[in-house]
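1. pasting the sequence and the predicted model now:
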Amino acid sequence: MKCFIHENEDAVGVCKHCSKAVCKKCAVPNDLNFLVCSEACKQEAILYQVMMEKSKMAYGLKPGRLPATIIVYLLIGVVFVLFGCITISFSAEWVYGLLPLIFGVVFILGGAISIYNQRKSGLRV
Ligand SMILES: [Zn+2]
Ligand SMILES: [Zn+2]
């Protein structure tokens, strides 16, 4: 494959945006992991990349995609934490509040980690 401008130069790749073959001299330097043939193509390619990322993000973060189990985890966690806090604050035997408090925090953390993993896997799709 030869460069689309320099007929004698071997192409190092194709432009991400217009798919023209470009040689070392023509490839526009950039800190992205793809080749572009011109400044205009670079801008277009970046724009496209950003759009793709955004649509992926939107897909991953749709509230409807949050499984009910995670919401239940978070709710149980909040209830336990509240229960623990109230017991610690108002009960003479405040030690009994520690267990539900820890239990609740674990549930909330579990839910948070699930959400985090979901978002991560959503981005990769
Ligand atoms: Zn191009
Ligand atoms: Zn060239």
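-> Good, I have the coordinates. Ligands and ions are numbered 1, 2, ... in the order given.

2. show me the strands in this structure, by range?
-> Along the chain, counting by DSSP state E, strands occupy 13-14, 21-22.

3. in JSON lines: those strands, plus mean neighbour count.
-> All C-beta spots, glycine's among them, are computed from the backbone N, C-alpha and C. Putting the strands of the chain into JSON lines (neighbours: other CB atoms under 10 Å) gives the following:
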{"stretch": "strand 13-14", "mean neighbour count": "16"}
{"stretch": "strand 21-22", "mean neighbour count": "22"}
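
4. how about the residues of the protein by ligand 2?
-> Residues of the chain that fall close to ligand 2, judged by CB under 5 Å from the ion: 3, 5-6, 9, 23, 25-26.

5. need those residues in CSV with neighbour count, can you?
-> Listed next are the residues of the chain next to ligand 2 as CSV, based on neighbours: other CB under 10 Å:
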residue, neighbour count
C3, 20
I5, 13
H6, 15
E9, 16
C23, 20
K25, 10
C26, 20
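
6. okay, those in a markdown table with distance to V79 and pLDDT next?
-> As requested, the residues of the chain next to ligand 2 are arranged in a markdown table below (distance: CB to CB, whole Å; pLDDT from 0 to 100):
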| residue | distance to V79 | pLDDT |
| --- | --- | --- |
| C3 | 66 | 94 |
| I5 | 68 | 91 |
| H6 | 70 | 92 |
| E9 | 69 | 92 |
| C23 | 65 | 94 |
| K25 | 66 | 89 |
| C26 | 63 | 90 |
